[in-house]
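Asks: sharing a model that was predicted from the sequence below.
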Amino acid sequence: MALSAPSVFALADIIETPSRPTDLAPQSLLNDVTKAGDRIVATGERGHIIYSDDEGQTWEQGQVPVSVTMTGIDFGTEQHGWAVGHSGVVLHSGDAGETWELQLTGIEAAKLAIETKQEQIAELEEQIEEAPEEEKADLEWALDDLFFTMGNLEADLDVGPVNPLLDVWFENEDHGFVIGAYGMILRTNDGGETWRDWSARIDNPQSFHLNSITQVSGGAIVIVGEAGNIHVSADGGDTWERRESPYSGSLFGVIGTGKANEMLAFGLRGNKMLSTDLGQSWEMIPNDAGATLNSGMVADDGRITLVGNGGAVLLSTDGGRSFRSYFRDDRESVMAVVPVSGTNLLIVGEGGVKFTDARGKNLQ
Amino acid sequence: MSNPKHDKGEHYLTTPKAEPFLERLIFNNRAIILIVFFFLTLFLGYNAIKIQPDASFERMIPLEHPYIVNMLDHRDDLENLGNFVRIAVEVKEGDIFTKEYMETLKQITDEVFYLNGVDRSGLKSLWTSNVRWVEVTEQGFQGGTVIPDGYDGSRDSLEALRQNVLRSNEVGRLISDNFRSTIVYAPLYENNPETGEPLDYGTFSRQLEEKIRDKYGASNPNIEIHIVGFAKKVGDLIEGIGSIAYFAGITILLTTLLLYGYSRCISGTLVPVFSSIVAVFWQLGILKLLGYGLDPYSVLVPFLVFAIGISHGVQVVNAMAIEASKGFDPITAARLAFRALYIPGMLALISDAFGFLTLLFIQIDVIKDLAVAAGLGVAIVIITNLVLHPLIMSYIGITKGGIRHVQSHGEKQDRKWRVMSYFAHPGVAPVSLLIAVIGLGAGLYFKQGLKVGDLDQGAPELRADSRYNKDNAYIIDNYSTSADVLVVMVKTPEEQCTQYNVLRAMDSLQWELQNTPGVQSSASLADVSKIVTKALNEGNWKWYEISRNQTIINASIREAPAGLINTNCDLTPVLVFLEDHKAETLQTVVDRVEKFAENNSNEEHTFLLAAGNAGVEAATNEVISSAKNMMLAFVYGVVSFLCLLTFRSIRAVICIVTPLGLTSILCEAIMATSGIGIKVATLPVIALGVGIGVDYGIYIYTKLEKFILEGKALQEAYYETLRSTGKAVIFTGVTLGLGVVTWIFSPIKFQADMGFLLFFMFLWNMVGAIWLLPALARFLLRPDHMLAKARSKE
């Protein structure tokens, strides 16, 4: 194994420390994987972003300016992709994942969020002045909540960029969302040049974590998160509606099934549910595995694969109505999956990259 | 032949008056001296028998090396990181999820719990309550002991056990990857917390064998037990020391036979053997009185003392036989032998002693002990074999057979000596020198591959096929663990060891090292924090990071394993697991850590090397590499100086020392080609080899010079030298070789290495003295000058 030469630098903050080129990246923790055209791109701990043009046989490591644990990656086009991670970092690549630039950190994100809160506070204070007496008490409660949230944001900012972003979704090379801990959500319409805090548009007063974002057939955008949070936007992200969840635990992933307005949400302890009406109603899917589910995918032939902790690989051939569970021998957690040739899978997770059959059994 | 009474050729160290005094002092008080010797021997022999094996860890490491100083400074903080035993209980057929297996494991766990020396609070096995599984639920965590509540050995409870094992995070640590064995992990107290007594490794290791391996291996034939850990290794070493007794018996027997073949004289055989055994008893007795024990190194010294005693005794027997054959009575023969031998004998023994004492420069206690034990032993040989031996012989005398043997045999062998005297011939000498130069070139070429440190896998002290190393290999193959651990200590201000910047710095160091060849993995508080932060966030790997929020860090390390945070929270270790303990591996890793420490140590965190077995080995290697050349310089310096003092001639020194130098280089070449590294055990070999090897040259040169001063030509002088002392020199080489050759069969690997190398050194130095010394003399000595100089003095 060709290991890299010693680095001789004094310690800088990890958002200023470029990710070290290393052969160990494909075997280290990887949290997300996606496709940029035919290229597979995965990201994980220590700022690793790796890409493969041969379905995962060989990997190259992208140049990344930070060393934080990365959590999510998505490409709006074949060339333009974004990756997010701890310390609120947003990275952008314009060359299909080979080089990355830092567009946003948790410091700017927190400042944007604080501005939003200040605007909300100003707005609410105006409302209170104009409101009839009997409504004032309620509004003042809401105002207190806002002050409390802003206080938290400011206290965090004193420490630094403490909170992680957890997922990213881009529609094209201009428009996208990043979401994360404590209800963090930001939107851009210019490919990440400028960002706007979108938290005021989401009904999440307790600032629960937002874990996963995706677009389902039919065009709706869906976010799921902690404590059964489900938010749907039918107008491309401008406005969001909260949906009731039959399950009050954490949801870690949401995917479309390939049919219009149909989606699967899943999370803690293997709970998973299907909606055919953009989340207006949900049907719980029988849960026999019990392992937390992290992510999933729909193959071209309609098969749905969910992956999770303890090496769980769940397979559905009936559009998500029922699943068969398999457990990988190594029992290591699987964080994400992409389809490769045939019915095979490329999975990433605790132990890095693995090339497997449809049931998650190693092929190499 | 000159009259021995007027022989003044050998008196260099002393004025002529002193010699009769010493001789008179000894031989005029024979009875008194012998009685004193008798009681001294009784007293010291009684103490010698009480001497105990002792393999203390601290004596085998360089205590003054900064790594070791750091380690010992923080010994209390790092408690239990290094000293533990792991007992792997393997099932031969099937897997661990059976009622029988779990029952045996329970009994073993209980048995280990009650072993003296085990830190019971840290004991871990599937059956201890500190081995748990944890699961995230909507309400938080749920968990329990791995052994399910109400376990009854039924199929259901075994299935529940299997589930718990899978979610316990102990697979690869406490449970093997293939579910065919589990480990009972027992941390040990270095000192008993109640009595303060140090752990008796010998007893502890024996108890592991008797109460665990033998007992449960017999009661459940379907299991096999593998035990590793420092305490077990030391226990096995102590066992190995015991087997030395057999070697001692064999050596004495072989030497006695050889001596009889040489002298054909019962008294000339038994008296030197007896005197040499007396020397060994004195040496052991004095060591005991000085408070020493016998470690695996110093246990070899009695062999050397015995062999040196015999080799000098042979000179006495030889000289006496020659004098007796001239018709002198035993007491006169003994006096003459004493007079002829005490100067070269003392010189040879003093240079032996100084050769050994150069080992004191190596800052490792076992080597210093070896130096003291060997130096002491040689000093004793001066008394026993130059005083006691001639005194006894002065009563007994050489037997008739012995005298006849000298006379008849001597004449038969003269032809052989005549042939060998050609080594000093002007035509042969250049050829010898050419061969020596070629040998030197080859030696220098091959010794380039000489490595520092231990080169084999596993516990290098023991043989690769030893029980311990097989157990070690089993555990390495079946568990995610390495036997070679380097510990970097991270020092912080008090109560600051969990600060974000500290964890972040440790994490950087770890990643630096994981990207270093030879490093398998690493672990620290930073890993604990990341993994628990992940767990606290519902087991979501996206949270696998050191939080910038100190409150979250503090929560994440609340239940960090003992040993990762000290009481004051001002020290936390980084454990680096290595692929092996080859010197290059250690050096590469240590260099990276030092560079990192230099660049990144500040008032918040200082990185200190080193603890762990690999840290100790890295320090030992460093001490040995730097001591090696100094030790060689000293040993050659001392030997050359003593020769110069005696013979007052640089040319004489070159003649004597050059063959030794050639042997030393060839010895290193042999080490390089046979995969023996320079280590604690092999470093003393060259000092011992040179210190003892110089004797041959001294005996030969003494005679050679004497005959030259009598006016003989060089080759003729050498012929006479061989006639008078050649046989004794060859015999000495063989005796010394025999004295160490049995070690090759020692269960302790480094004793075998030492035996092999010393065997070579002793024999080859003898060959060098007989073959190369006269060739050098042909080029260097100028008999005319020597004669003129000697005459001008008179």
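Replies: Done, it's in.

Asks: quick one, phi/psi of the closest residue to B:S181 other than its chain neighbours?
Replies: Nearest non-adjacent residue to B:S181, counting by CB to CB, 6 or more residues apart in numbering or on different chains: B:E90, 3.9 Å away. For the C-beta atoms, the positions are set from N, CA and C on the backbone; glycine is no exception. Main-chain torsions, B:E90, degrees, to the nearest 10: phi -100, psi 140.

Asks: residues in contact with B:E90?
Replies: B:176, B:180-181, B:223-226, B:474 (CB atoms under 8 Å, 6 or more residues apart in numbering or on different chains).

Asks: could you redo the last one with a cut-off of 10 Å?
Replies: Counting by CB atoms under 10 Å, 6 or more residues apart in numbering or on different chains, B:E90 makes contact with B:96, B:101, B:176, B:178, B:180-182, B:222-226, B:471, B:474-475, B:478.

Asks: my read: B:L444 touches B:G661, true?
Replies: No. Counting by CB atoms under 10 Å, B:L444 does not reach B:G661; the two are 11.2 Å apart.

Asks: tell me which of the two has more neighbours.
Replies: B:G661 (16 against 13; other CB atoms under 10 Å in any protein chain shown).

Asks: separation between the more buried one and B:E668?
Replies: To B:E668, B:G661 is 11 Å away according to CB to CB, to the nearest Å.

Asks: buried ones in the lowest-mean-pLDDT helix or strand in chain A, by neighbour count?
Replies: Least confident helix or strand of chain A, by mean pLDDT, DSSP states H and E, is helix A:133-159 with a mean of 88. For helix A:133-159, a neighbour-count test (16 or more other CB atoms under 10 Å in any protein chain shown) marks A:143, A:146, A:149-150, A:153, A:156-157 as buried.

Asks: what bridges to residue 84?
Replies: Picked chain A for this. A:G72, A:V90 (DSSP bridges).

Asks: wait, chain B
Replies: Here B:F84, judged by DSSP bridges, has bridge partners B:P187.

Asks: thinking again about what came up before, if you look at the contacts of B:E90, which of them are in strands?
Replies: B:181-182, B:223-226 (DSSP state E).

Asks: out of the residues you listed, who's nearest chain A?
Replies: B:T182 (16.7 Å; CB to the nearest CB).

Asks: how much space separates that closest one from B:S157?
Replies: 16 Å.

Asks: neighbour count winner among those two?
Replies: B:T182 (30 against 18).

Asks: I'd assumed B:T399 was in contact with B:V406.
Replies: No. Counting by CB under 10 Å, B:V406 does not reach B:T399; the two are 11.0 Å apart.

Asks: anything in contact with each of those two?
Replies: Shared contacts of B:V406 and B:T399, counting by CB under 10 Å, 6+ apart, come down to B:263-265, B:268, B:321, B:324.

Asks: let's see if you can find the most crowded of those.
Replies: B:G268 (30 neighbours).

Asks: element containing that residue, please.
Replies: helix B:266-289 (DSSP states H and E).

Asks: now do B:P573
Replies: B:P573 belongs to strand B:571-578, assigned by DSSP H and E.

Asks: tell me which other helices or strands that strand touches.
Replies: Applying 3 or more CB pairs under 10 Å, 6 or more residues apart in numbering or on different chains; DSSP states H and E, we find strand B:571-578 packed against strand B:484-491, helix B:500-514, strand B:519-523, helix B:525-536, helix B:583-600, strand B:606-611, helix B:612-647.

Asks: centre of the chain versus it, how much separation?
Replies: 28 Å (CA atoms, centre = their mean, to the nearest Å).

Asks: pop the domain breakdown of the chain in here.
Replies: Chain wasn't specified; assuming chain A. A:25-105+A:164-356, A:113-156 (automatic domain parsing).

Asks: that's the wrong chain, I wanted chain B
Replies: Taken from automatic domain parsing, chain B resolves into B:1-50+B:264-398, B:84-187+B:200-235.

Asks: of those, give the one that comes closest to B:L704.
Replies: Smallest distance to B:L704 across these (CB to CB): 10.6 Å, for domain B:1-50+B:264-398.

Asks: how far off centre is the closest one?
Replies: The answer for domain B:1-50+B:264-398 is 26 Å, by CA atoms, centre = their mean.

Asks: tell me the SS of B:G291?
Replies: Secondary structure assignment for B:G291 (DSSP: H, G, I helix; E, B strand; the rest coil): coil.

Asks: so which residues on the stretch 201-350 of chain A come close to chain B?
Replies: A:209, A:211, A:226-228, A:247-250, A:252, A:267-269, A:271, A:290-292, A:294, A:308-311, A:327, A:329-335, A:349-350 (CB under 10 Å from any CB of the partner chain).

Asks: repeat that for 8 Å
Replies: A:211, A:248-250, A:252, A:268-269, A:292, A:294, A:309-310, A:331, A:333, A:335, A:349-350 (CB under 8 Å from any CB of the partner chain).

Asks: what is the nearest of the residues you listed to chain B?
Replies: The closest of those, once distances to chain B are taken by CB to the nearest CB, is A:G249, at 4.0 Å.

Asks: that closest one reaches A:K272, doesn't it?
Replies: No. Between A:G249 and A:K272 there is no contact under CB atoms under 8 Å: 11.3 Å.

Asks: tell me which of those two has more neighbours.
Replies: Shown here are A:G249 and A:K272; by other CB under 10 Å, A:K272 has more neighbours (26 against 19).

Asks: and which of the buried residues of helix A:133-159 is nearest B:A373?
Replies: For the buried residues of helix A:133-159, with B:A373 as the reference and CB to CB as the criterion, the closest is A:D156, at 67.0 Å.
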